[in-house]
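Student: A predicted structure for the sequence below; I have some questions about it.
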Amino acid sequence: MTDVRTVHVATGPGYDVRIGSGVLAEAAAASPGRRTAVIADTTVANLHGPVVLDAFASAGRDAVLIPVAPGEPSKDLATYGALLRRLASDRFGRDDAVLALGGGVVCDLAGFVAATWMRGVPLVHAPTTLLAMADAAIGGKTGVNLPEGKNLVGAFWRPAAVLMDVRTLATLPAAQIVEGCAEVLKHGLLADPELSDAIASGRIAADAPEDDLIRWVAASASVKAGVVAGDEREAGERAHLNLGHTLAHALEAASGHRLAHGAAVAWGLLYAAILSRAVAERCGRPYRDWSAPVRAFLTARPVPYPPEPAWEQLEPYLARDKKARGGTRRWVLMDGPCAPYLADDVPPDVERDAWARFRATVAEVRRARGTNGGDT
Ligand SMILES: NC(=O)c1ccc[n+]([C@@H]2O[C@H](COP(=O)([O-])OP(=O)(O)OC[C@H]3O[C@@H](n4cnc5c(N)ncnc54)[C@H](O)[C@@H]3O)[C@@H](O)[C@H]2O)c1
Ligand SMILES: [Zn+2]
(Lines give C-alpha, C1' and ligand atoms only; values in the text may rest on other atoms or scores of the structure.)
(Ligands and ions follow the chains in the order given, each with its own letter.)
Protein backbone atom coordinates (compact mmCIF):
# COMPACT_ATOMS: atom_id res chain seq x y z
CA MET A 1 0.00 0.00 0.00
CA THR A 2 1.43 3.34 -1.00
CA ASP A 3 1.29 6.36 1.15
CA VAL A 4 -1.80 8.63 1.13
CA ARG A 5 -1.13 12.32 1.70
CA THR A 6 -3.64 14.89 2.87
CA VAL A 7 -3.46 18.58 2.06
CA HIS A 8 -5.91 20.83 3.91
CA VAL A 9 -7.34 23.84 2.10
CA ALA A 10 -8.06 26.37 4.82
CA THR A 11 -10.89 28.40 3.26
CA GLY A 12 -14.03 28.82 5.38
CA PRO A 13 -14.71 25.47 7.02
CA GLY A 14 -11.91 24.09 4.84
CA TYR A 15 -11.66 20.80 3.00
CA ASP A 16 -9.17 18.00 2.59
CA VAL A 17 -7.42 16.91 -0.57
CA ARG A 18 -6.50 13.21 -0.37
CA ILE A 19 -3.69 12.17 -2.72
CA GLY A 20 -2.85 8.51 -3.14
CA SER A 21 -3.04 5.39 -5.25
CA GLY A 22 -6.53 3.87 -5.18
CA VAL A 23 -8.18 6.73 -3.26
CA LEU A 24 -11.17 6.61 -5.65
CA ALA A 25 -12.27 3.71 -3.44
CA GLU A 26 -13.02 6.38 -0.80
CA ALA A 27 -15.61 8.03 -3.07
CA ALA A 28 -18.66 6.92 -1.08
CA ALA A 29 -17.10 7.90 2.24
CA ALA A 30 -16.16 11.31 0.82
CA SER A 31 -19.62 12.11 -0.56
CA PRO A 32 -22.00 13.64 1.97
CA GLY A 33 -25.02 13.06 -0.30
CA ARG A 34 -27.85 10.60 0.27
CA ARG A 35 -27.51 9.92 -3.47
CA THR A 36 -24.57 11.01 -5.61
CA ALA A 37 -24.64 12.12 -9.24
CA VAL A 38 -21.28 11.06 -10.70
CA ILE A 39 -20.63 13.33 -13.68
CA ALA A 40 -17.86 12.16 -16.03
CA ASP A 41 -17.01 12.42 -19.71
CA THR A 42 -17.47 9.15 -21.59
CA THR A 43 -13.72 8.44 -21.86
CA VAL A 44 -13.19 8.80 -18.13
CA ALA A 45 -16.50 7.07 -17.34
CA ASN A 46 -15.31 3.98 -19.23
CA LEU A 47 -11.83 3.96 -17.70
CA HIS A 48 -12.48 4.98 -14.11
CA GLY A 49 -16.27 5.05 -13.60
CA PRO A 50 -16.50 1.40 -12.48
CA VAL A 51 -14.11 1.91 -9.52
CA VAL A 52 -16.22 4.81 -8.28
CA LEU A 53 -19.55 3.02 -8.75
CA ASP A 54 -18.14 -0.08 -6.99
CA ALA A 55 -17.13 2.09 -4.05
CA PHE A 56 -20.73 3.28 -3.68
CA ALA A 57 -22.16 -0.22 -4.23
CA SER A 58 -19.94 -1.78 -1.58
CA ALA A 59 -20.91 0.94 0.87
CA GLY A 60 -24.59 0.27 0.08
CA ARG A 61 -24.97 3.83 -1.21
CA ASP A 62 -26.80 5.06 -4.27
CA ALA A 63 -24.85 6.65 -7.14
CA VAL A 64 -25.86 7.40 -10.72
CA LEU A 65 -23.30 7.90 -13.49
CA ILE A 66 -24.21 10.77 -15.80
CA PRO A 67 -21.96 10.94 -18.88
CA VAL A 68 -21.14 13.95 -21.05
CA ALA A 69 -19.14 14.10 -24.30
CA PRO A 70 -15.37 14.56 -23.83
CA GLY A 71 -13.73 17.89 -24.62
CA GLU A 72 -14.00 21.62 -24.03
CA PRO A 73 -17.22 22.03 -26.11
CA SER A 74 -19.10 20.24 -23.31
CA LYS A 75 -18.28 23.13 -20.97
CA ASP A 76 -21.23 25.07 -22.35
CA LEU A 77 -24.71 26.23 -21.36
CA ALA A 78 -26.43 23.48 -23.36
CA THR A 79 -24.61 20.64 -21.53
CA TYR A 80 -25.01 22.46 -18.22
CA GLY A 81 -28.75 22.78 -18.84
CA ALA A 82 -29.04 19.13 -19.90
CA LEU A 83 -27.31 18.04 -16.68
CA LEU A 84 -29.69 20.10 -14.53
CA ARG A 85 -32.68 18.60 -16.34
CA ARG A 86 -31.26 15.12 -15.82
CA LEU A 87 -30.97 15.81 -12.07
CA ALA A 88 -34.57 17.01 -12.11
CA SER A 89 -35.88 13.96 -13.95
CA ASP A 90 -33.90 11.63 -11.66
CA ARG A 91 -35.38 13.50 -8.69
CA PHE A 92 -32.12 14.57 -7.12
CA GLY A 93 -32.76 16.76 -4.10
CA ARG A 94 -31.18 19.10 -1.61
CA ASP A 95 -29.60 16.29 0.42
CA ASP A 96 -27.90 14.72 -2.60
CA ALA A 97 -24.41 15.45 -3.93
CA VAL A 98 -22.41 15.76 -7.14
CA LEU A 99 -19.10 14.01 -7.76
CA ALA A 100 -17.02 15.44 -10.62
CA LEU A 101 -14.89 12.64 -12.09
CA GLY A 102 -12.57 13.87 -14.83
CA GLY A 103 -10.32 16.57 -16.17
CA GLY A 104 -10.67 20.31 -15.80
CA VAL A 105 -13.68 20.43 -18.14
CA VAL A 106 -15.73 18.16 -15.88
CA CYS A 107 -14.42 19.86 -12.70
CA ASP A 108 -15.69 23.21 -13.97
CA LEU A 109 -18.94 21.95 -15.50
CA ALA A 110 -20.03 19.55 -12.74
CA GLY A 111 -18.78 22.03 -10.14
CA PHE A 112 -21.10 24.69 -11.58
CA VAL A 113 -23.97 22.20 -11.60
CA ALA A 114 -23.30 21.52 -7.88
CA ALA A 115 -23.07 25.26 -7.16
CA THR A 116 -26.46 25.99 -8.69
CA TRP A 117 -28.63 22.87 -8.43
CA MET A 118 -31.21 23.67 -5.74
CA ARG A 119 -29.05 26.73 -4.92
CA GLY A 120 -26.09 24.53 -4.18
CA VAL A 121 -25.42 20.93 -3.11
CA PRO A 122 -22.21 19.30 -1.83
CA LEU A 123 -19.50 18.65 -4.41
CA VAL A 124 -16.69 16.10 -4.44
CA HIS A 125 -13.87 16.56 -6.93
CA ALA A 126 -12.09 13.50 -8.29
CA PRO A 127 -9.69 14.97 -10.87
CA THR A 128 -8.21 12.53 -13.40
CA THR A 129 -5.77 14.73 -15.35
CA LEU A 130 -2.55 16.20 -13.96
CA LEU A 131 -3.82 19.62 -14.99
CA ALA A 132 -7.03 19.18 -13.01
CA MET A 133 -5.09 17.86 -10.00
CA ALA A 134 -2.65 20.76 -10.15
CA ASP A 135 -5.19 23.45 -10.83
CA ALA A 136 -8.93 23.03 -11.48
CA ALA A 137 -9.86 20.83 -8.50
CA ILE A 138 -8.51 23.20 -5.84
CA GLY A 139 -9.73 26.71 -5.26
CA GLY A 140 -13.46 26.56 -5.89
CA LYS A 141 -13.70 28.20 -9.31
CA THR A 142 -16.47 26.58 -11.37
CA GLY A 143 -18.18 27.62 -14.57
CA VAL A 144 -18.88 27.26 -18.25
CA ASN A 145 -17.93 29.04 -21.47
CA LEU A 146 -20.07 31.20 -23.74
CA PRO A 147 -19.52 31.55 -27.49
CA GLU A 148 -18.27 35.05 -26.55
CA GLY A 149 -15.48 33.76 -24.32
CA LYS A 150 -14.13 31.21 -21.86
CA ASN A 151 -15.30 30.94 -18.25
CA LEU A 152 -17.67 33.91 -18.55
CA VAL A 153 -20.36 32.29 -16.39
CA GLY A 154 -19.59 30.66 -13.09
CA ALA A 155 -19.49 30.65 -9.33
CA PHE A 156 -17.07 30.06 -6.49
CA TRP A 157 -18.15 26.76 -4.96
CA ARG A 158 -15.98 24.91 -2.47
CA PRO A 159 -15.84 21.16 -2.71
CA ALA A 160 -16.60 19.10 0.40
CA ALA A 161 -13.64 16.86 -0.42
CA VAL A 162 -11.10 16.23 -3.20
CA LEU A 163 -9.78 12.77 -4.13
CA MET A 164 -6.66 12.70 -6.31
CA ASP A 165 -6.04 9.13 -7.40
CA VAL A 166 -2.66 8.96 -9.15
CA ARG A 167 -3.68 5.59 -10.65
CA THR A 168 -5.88 7.54 -13.05
CA LEU A 169 -2.77 9.23 -14.47
CA ALA A 170 -1.60 5.88 -15.87
CA THR A 171 -4.27 6.05 -18.60
CA LEU A 172 -3.61 9.67 -19.50
CA PRO A 173 -1.94 10.33 -22.90
CA ALA A 174 1.70 11.47 -22.47
CA ALA A 175 0.95 14.86 -24.04
CA GLN A 176 -1.63 15.52 -21.32
CA ILE A 177 0.96 14.81 -18.64
CA VAL A 178 3.29 17.39 -20.20
CA GLU A 179 0.37 19.87 -20.20
CA GLY A 180 -0.16 19.39 -16.48
CA CYS A 181 3.57 19.60 -15.77
CA ALA A 182 3.57 23.24 -16.89
CA GLU A 183 1.11 24.20 -14.11
CA VAL A 184 3.01 22.10 -11.57
CA LEU A 185 6.23 23.83 -12.65
CA LYS A 186 4.51 27.18 -12.09
CA HIS A 187 3.65 26.16 -8.52
CA GLY A 188 7.23 25.06 -7.93
CA LEU A 189 8.61 28.36 -9.24
CA LEU A 190 6.20 30.34 -7.05
CA ALA A 191 6.83 28.52 -3.79
CA ASP A 192 8.71 25.19 -3.89
CA PRO A 193 12.14 24.96 -5.58
CA GLU A 194 12.32 21.19 -4.96
CA LEU A 195 9.11 20.82 -6.97
CA SER A 196 10.37 22.90 -9.91
CA ASP A 197 13.59 20.85 -9.89
CA ALA A 198 11.54 17.65 -9.98
CA ILE A 199 9.76 18.91 -13.09
CA ALA A 200 13.01 20.12 -14.65
CA SER A 201 14.63 16.74 -14.21
CA GLY A 202 11.65 14.86 -15.66
CA ARG A 203 10.71 13.07 -12.44
CA ILE A 204 7.01 13.72 -13.07
CA ALA A 205 6.05 11.39 -15.91
CA ALA A 206 3.32 8.84 -16.59
CA ASP A 207 5.73 5.99 -15.84
CA ALA A 208 7.12 7.50 -12.64
CA PRO A 209 6.76 5.39 -9.48
CA GLU A 210 3.41 6.05 -7.78
CA ASP A 211 5.06 7.26 -4.58
CA ASP A 212 6.87 9.94 -6.55
CA LEU A 213 3.68 11.03 -8.29
CA ILE A 214 1.90 11.22 -4.93
CA ARG A 215 4.73 13.28 -3.46
CA TRP A 216 4.83 15.81 -6.30
CA VAL A 217 1.07 16.08 -6.81
CA ALA A 218 0.78 16.73 -3.06
CA ALA A 219 3.56 19.33 -3.22
CA SER A 220 1.78 21.13 -6.06
CA ALA A 221 -1.56 20.93 -4.21
CA SER A 222 0.06 22.44 -1.10
CA VAL A 223 1.25 25.45 -3.06
CA LYS A 224 -2.14 26.09 -4.63
CA ALA A 225 -3.93 25.43 -1.32
CA GLY A 226 -1.66 27.93 0.43
CA VAL A 227 -2.30 30.68 -2.09
CA VAL A 228 -6.05 30.06 -2.24
CA ALA A 229 -6.35 30.02 1.56
CA GLY A 230 -4.78 33.48 1.68
CA ASP A 231 -6.98 34.95 -1.07
CA GLU A 232 -9.91 32.80 -2.14
CA ARG A 233 -11.64 35.45 -4.27
CA GLU A 234 -8.54 36.66 -6.10
CA ALA A 235 -8.35 40.10 -4.52
CA GLY A 236 -4.56 40.00 -4.29
CA GLU A 237 -2.07 37.18 -3.89
CA ARG A 238 -4.10 34.63 -5.88
CA ALA A 239 -3.20 36.67 -8.97
CA HIS A 240 0.35 35.31 -8.58
CA LEU A 241 -1.04 32.01 -9.89
CA ASN A 242 -1.25 33.81 -13.23
CA LEU A 243 2.54 33.63 -13.55
CA GLY A 244 3.23 32.90 -17.22
CA HIS A 245 -0.44 33.28 -18.13
CA THR A 246 -0.50 36.81 -19.59
CA LEU A 247 1.67 35.75 -22.51
CA ALA A 248 0.17 32.22 -22.54
CA HIS A 249 -3.34 33.51 -23.27
CA ALA A 250 -1.99 35.66 -26.11
CA LEU A 251 -0.03 32.71 -27.57
CA GLU A 252 -3.12 30.48 -27.41
CA ALA A 253 -5.19 33.12 -29.21
CA ALA A 254 -2.45 33.90 -31.75
CA SER A 255 -2.22 30.19 -32.60
CA GLY A 256 -5.97 30.05 -33.29
CA HIS A 257 -6.21 27.89 -30.13
CA ARG A 258 -4.10 25.15 -31.67
CA LEU A 259 -1.48 25.60 -28.95
CA ALA A 260 -2.82 23.89 -25.82
CA HIS A 261 -3.03 25.79 -22.54
CA GLY A 262 -0.28 23.91 -20.69
CA ALA A 263 2.19 24.33 -23.55
CA ALA A 264 1.34 28.02 -23.75
CA VAL A 265 1.92 28.35 -20.00
CA ALA A 266 5.33 26.67 -20.26
CA TRP A 267 6.44 29.23 -22.89
CA GLY A 268 4.71 31.99 -20.92
CA LEU A 269 6.88 31.10 -17.92
CA LEU A 270 9.98 31.46 -20.08
CA TYR A 271 8.86 34.91 -21.24
CA ALA A 272 8.04 35.90 -17.65
CA ALA A 273 11.57 34.93 -16.61
CA ILE A 274 13.14 36.92 -19.45
CA LEU A 275 10.91 39.94 -18.79
CA SER A 276 11.59 39.77 -15.04
CA ARG A 277 15.33 40.04 -15.68
CA ALA A 278 14.86 42.90 -18.16
CA VAL A 279 12.64 44.85 -15.74
CA ALA A 280 15.12 44.28 -12.90
CA GLU A 281 17.96 45.57 -15.10
CA ARG A 282 15.96 48.63 -16.17
CA CYS A 283 14.73 49.50 -12.67
CA GLY A 284 17.83 48.47 -10.73
CA ARG A 285 15.89 45.83 -8.76
CA PRO A 286 18.01 43.09 -7.17
CA TYR A 287 17.49 39.97 -9.26
CA ARG A 288 18.30 36.28 -8.96
CA ASP A 289 17.82 34.25 -12.12
CA TRP A 290 14.96 31.70 -11.88
CA SER A 291 14.78 30.58 -15.48
CA ALA A 292 16.88 27.38 -15.22
CA PRO A 293 14.05 24.90 -14.42
CA VAL A 294 11.88 26.43 -17.16
CA ARG A 295 14.63 26.09 -19.77
CA ALA A 296 15.42 22.56 -18.62
CA PHE A 297 11.75 21.53 -18.85
CA LEU A 298 11.29 23.08 -22.30
CA THR A 299 14.46 21.42 -23.55
CA ALA A 300 13.83 17.96 -22.12
CA ARG A 301 10.10 17.56 -22.83
CA PRO A 302 8.27 17.69 -26.19
CA VAL A 303 6.31 20.86 -25.40
CA PRO A 304 4.82 22.01 -28.73
CA TYR A 305 6.45 25.19 -30.05
CA PRO A 306 4.62 28.52 -29.79
CA PRO A 307 3.77 30.87 -32.65
CA GLU A 308 6.44 33.58 -32.90
CA PRO A 309 4.84 36.54 -34.63
CA ALA A 310 6.34 40.01 -34.56
CA TRP A 311 5.62 41.72 -31.21
CA GLU A 312 3.26 44.19 -32.90
CA GLN A 313 1.12 41.26 -34.11
CA LEU A 314 0.97 39.72 -30.66
CA GLU A 315 0.07 42.93 -28.85
CA PRO A 316 -3.65 43.02 -29.79
CA TYR A 317 -4.03 39.61 -28.13
CA LEU A 318 -2.27 40.87 -25.01
CA ALA A 319 -4.52 43.91 -24.86
CA ARG A 320 -7.53 41.60 -24.54
CA ASP A 321 -6.08 39.85 -21.53
CA LYS A 322 -8.43 40.06 -18.56
CA LYS A 323 -5.63 41.33 -16.37
CA ALA A 324 -5.15 44.40 -18.58
CA ARG A 325 -5.99 47.44 -16.45
CA GLY A 326 -6.72 50.80 -18.02
CA GLY A 327 -4.56 50.21 -21.07
CA THR A 328 -1.45 48.95 -19.25
CA ARG A 329 -0.82 45.25 -18.95
CA ARG A 330 -0.43 43.50 -15.67
CA TRP A 331 2.43 41.00 -15.56
CA VAL A 332 3.26 38.59 -12.81
CA LEU A 333 7.05 38.78 -12.52
CA MET A 334 9.57 37.43 -10.02
CA ASP A 335 12.72 39.00 -8.54
CA GLY A 336 14.04 35.50 -7.93
CA PRO A 337 12.81 31.99 -7.14
CA CYS A 338 9.59 32.20 -5.08
CA ALA A 339 9.54 36.03 -5.13
CA PRO A 340 6.51 37.03 -7.26
CA TYR A 341 5.12 40.53 -7.62
CA LEU A 342 2.59 42.27 -9.89
CA ALA A 343 3.92 44.80 -12.40
CA ASP A 344 1.48 47.24 -14.04
CA ASP A 345 3.89 49.68 -15.60
CA VAL A 346 6.44 47.74 -17.65
CA PRO A 347 7.74 50.06 -20.41
CA PRO A 348 6.67 48.87 -23.89
CA ASP A 349 10.26 48.80 -25.18
CA VAL A 350 11.25 46.45 -22.35
CA GLU A 351 8.39 44.10 -23.28
CA ARG A 352 9.42 44.19 -26.95
CA ASP A 353 13.11 43.58 -26.25
CA ALA A 354 12.18 40.67 -23.99
CA TRP A 355 10.15 39.19 -26.85
CA ALA A 356 13.23 39.33 -29.09
CA ARG A 357 15.25 37.55 -26.39
CA PHE A 358 12.42 35.07 -26.00
CA ARG A 359 12.53 34.21 -29.71
CA ALA A 360 16.29 33.75 -29.55
CA THR A 361 15.79 31.41 -26.58
CA VAL A 362 13.15 29.39 -28.47
CA ALA A 363 15.77 28.95 -31.22
CA GLU A 364 18.27 27.73 -28.57
CA VAL A 365 15.69 25.25 -27.27
CA ARG A 366 15.13 23.97 -30.82
CA ARG A 367 18.89 23.42 -31.26
CA ALA A 368 19.25 21.78 -27.86
CA ARG A 369 16.31 19.43 -28.48
CA GLY A 370 17.88 18.51 -31.81
CA THR A 371 21.18 17.55 -30.17
CA ASN A 372 19.31 15.74 -27.36
CA GLY A 373 17.64 13.52 -29.91
CA GLY A 374 14.38 15.10 -28.69
CA ASP A 375 11.60 16.16 -31.02
CA THR A 376 12.13 18.79 -33.70
N1 LIG B 1 -11.42 25.92 -12.20
C2 LIG B 1 -10.14 26.18 -12.32
O3 LIG B 1 -9.53 26.76 -11.42
C4 LIG B 1 -9.41 25.74 -13.54
C5 LIG B 1 -8.02 25.79 -13.56
C6 LIG B 1 -7.35 25.33 -14.69
C7 LIG B 1 -8.06 24.85 -15.78
N8 LIG B 1 -9.42 24.84 -15.75
C9 LIG B 1 -10.18 24.33 -16.90
O10 LIG B 1 -9.77 22.99 -17.15
C11 LIG B 1 -10.05 22.69 -18.52
C12 LIG B 1 -8.91 21.88 -19.08
O13 LIG B 1 -8.73 20.72 -18.30
P14 LIG B 1 -8.05 19.39 -18.88
O15 LIG B 1 -6.81 19.73 -19.61
O16 LIG B 1 -7.98 18.43 -17.75
O17 LIG B 1 -9.07 18.94 -20.03
P18 LIG B 1 -10.20 17.81 -20.13
O19 LIG B 1 -11.04 17.76 -18.93
O20 LIG B 1 -10.90 18.04 -21.43
O21 LIG B 1 -9.36 16.47 -20.24
C22 LIG B 1 -8.51 16.29 -21.35
C23 LIG B 1 -8.81 14.97 -22.09
O24 LIG B 1 -8.30 13.89 -21.31
C25 LIG B 1 -9.27 12.88 -21.16
N26 LIG B 1 -9.02 12.27 -19.86
C27 LIG B 1 -9.24 12.82 -18.64
N28 LIG B 1 -8.76 12.03 -17.68
C29 LIG B 1 -8.24 10.94 -18.29
C30 LIG B 1 -7.56 9.79 -17.82
N31 LIG B 1 -7.31 9.60 -16.53
N32 LIG B 1 -7.18 8.88 -18.74
C33 LIG B 1 -7.38 9.08 -20.06
N34 LIG B 1 -7.98 10.16 -20.56
C35 LIG B 1 -8.41 11.08 -19.69
C36 LIG B 1 -10.59 13.58 -21.29
O37 LIG B 1 -11.60 12.68 -21.74
C38 LIG B 1 -10.28 14.67 -22.31
O39 LIG B 1 -10.44 14.15 -23.61
C40 LIG B 1 -10.30 24.00 -19.21
O41 LIG B 1 -11.67 24.14 -19.49
C42 LIG B 1 -9.88 25.04 -18.18
O43 LIG B 1 -10.60 26.26 -18.29
C44 LIG B 1 -10.10 25.26 -14.65
ZN1 LIG C 1 -3.39 27.72 -16.35
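Tutor: Looks like it arrived, so ask away. Nothing here was measured: the structure is a model prediction, and the numbers come from that model. Ligands and ions are numbered 1, 2, ... in the order given.

Student: which bits of this structure sit near ligand 1?
Tutor: 41, 43-44, 47, 70-72, 75, 102-108, 128-129, 131-132, 135-136, 139, 141, 151, 168, 171-172, 176, 179 (CB under 6 Å from any ligand atom). (C-beta placed from N, C-alpha, C; glycine too.)

Student: quick one: distance of the helix or strand harbouring Val365 to the chain centre.
Tutor: If you go by DSSP states H and E, Val365 is part of helix 348-372. Remark: helix 348-372 is offset 25 Å from the chain centroid, using CA atoms, centre = their mean, to the nearest Å.

Student: how about it: buried residues?
Tutor: Applying a neighbour-count criterion of 16 or more other CB atoms under 10 Å, one finds Val350, Glu351, Asp353, Ala354, Trp355, Phe358, Thr361, Val362, Val365, Arg369 buried in helix 348-372.

Student: what number of residues lie near the residue lying closest to Asn242 once chain neighbours are set aside?
Tutor: Take Asn242 and drop its neighbours on the chain: the residue closest to it by CB to CB, 6 or more residues apart in numbering is Val332, 5.1 Å away. Using other CB atoms under 10 Å, the number of residues around Val332 comes to 23.

Student: tell me the buried residues in the helix or strand harbouring Asn46?
Tutor: Under the criterion of DSSP H and E, Asn46 resides in helix 42-58. Across helix 42-58, burial judged by 16+ other CB under 10 Å covers Thr43, Val44, Ala45, Leu47, His48, Gly49, Val51, Val52, Leu53, Ala55, Phe56.

Student: so where is the stretch 251-376 of the chain shaky, pLDDT-wise?
Tutor: For the stretch 251-376 of the chain, the stretches flagged by pLDDT under 70 are 321-327, 372-376.

Student: quick check, the residue in it closest to ligand 1?
Tutor: For the stretch 251-376 of the chain and ligand 1, the shortest gap (CB to the nearest ligand atom) falls at His261, measuring 6.6 Å.

Student: list the contacts of that residue.
Tutor: Applying CB atoms under 8 Å, 6 or more residues apart in numbering to His261 gives the contacts Leu131, Glu179, Ala248, Glu252.

Student: the first one and Gly256, how far apart?
Tutor: In this case it means Leu131. Plainly put, Leu131 is 21 Å away from Gly256 if you go by CB to CB, to the nearest Å.

Student: please apply the same query to the third one.
Tutor: Ala248 is 15 Å from Gly256, where distance means CB to CB.

Student: looking at these two, which is more packed in?
Tutor: Ala248 (27 against 8).
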